[in-house]
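Okay, sequence plus prediction incoming.
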Amino acid sequence: MADTLTPEKRSWLMSRVRGRDTKPELAVRQTAHAMGLRFRLHRRDLPGRPDLVFPRHRLAIFVHGCFWHRHEGCAKASTPKTRPQFWDAKFAANLRRDREVERQLIEGGWRVGTIWECETKDRRDLEATIAALLVHR
C-alpha cells in the first residue's frame, strides 16, 4: 500500500514522535509508583539515559516502542514498504545502540530490563513484569 501522505506531511508527522513521556512510559511510571516504588527518570549520568532507574535495586528499565526497537514476534514491529534500505539501516542502528548501551550498563554494575510498548496495556501484567524485574538477580 502506498503512503497516503505527501513526503512533507510524513516528515512533519514523524518529527512529532517523542522519545520520552510516551504513553507506554507513563503507564510504566504510574504502575511502578502505585506499587510504592520510587525511581529516577532519564538519568543523564547513565549510558542510554534509561527511562526509569531504581538506584536501590541497581536496575535500569527501558520502555521500548515495538516498531522502533523491533520487538520480535510483535505485529507492531512491521517494516514500512517504502524505502526499505533506509528502514533496514535505521532499525539495525537502533538495535546496535540498544545492545551497546545494555553492555555498558551491565559493565557498570547495573541490571537492565526492557518493557515493550505492547506489554503496557494490561495493568496486572505490567505489575507482574515490574515485580519480576525487581526481584530477578
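Perfect, I can see it now.

What is whichever strand or helix holds residue 90 packed up against?
According to DSSP states H and E, residue 90 maps onto helix 84-107. For helix 84-107, the packing partners by 3 or more CB pairs under 8 Å, 6 or more residues apart in numbering; DSSP states H and E come out as strand 59-64, helix 66-69, strand 111-116. (Glycine included, C-beta is placed from N, CA and C.)

Check which element follows the helix or strand of the chain with the lowest mean pLDDT along the chain.
Within the chain, no helix or strand scores below helix 7-15, which has a mean of 79 by mean pLDDT, DSSP states H and E. Downstream of helix 7-15, the first helix or strand assigned by DSSP H and E is helix 23-34.

who's in contact with that following helix?
Applying CB atoms under 8 Å, 6 or more residues apart in numbering, the contact partners of helix 23-34 are 39, 41, 51-52, 61, 63, 65, 115, 117, 120, 123, 126-127, 130.

at 7 Å what do you get?
Residues outside helix 23-34 that contact it (CB atoms under 7 Å, 6 or more residues apart in numbering) are 39, 51, 52, 63, 115, 117, 120, 123, 126, 127, 130.

Same question for stretch 115-124.
24, 27-28, 31, 61, 63-66, 71, 74, 76, 125-126, 129.

follow-up on the earlier one: what is the most widely separated pair among the contacts of helix 23-34?
39 and 117 (18.8 Å; CB to CB).

the more surrounded of those two?
More crowded of residue 39 and residue 117, by other CB atoms under 10 Å: residue 117, with 23 against 20.

and the gap between the more buried one and residue 55?
25 Å (CB to CB, to the nearest Å).

closest to residue 87 out of the helices and strands packed on helix 84-107?
So among the helices and strands packed on helix 84-107, helix 66-69 is nearest, using CB to CB, at 10.1 Å.

Report the buried residues of that closest one.
66, 67, 68, 69 (16 or more other CB atoms under 10 Å).

Next: stretch 93-111.
By neighbour count with 16+ other CB under 10 Å, stretch 93-111 contains the buried residues 98, 101, 102, 105, 110, 111.

Cool, thanks, signing off.
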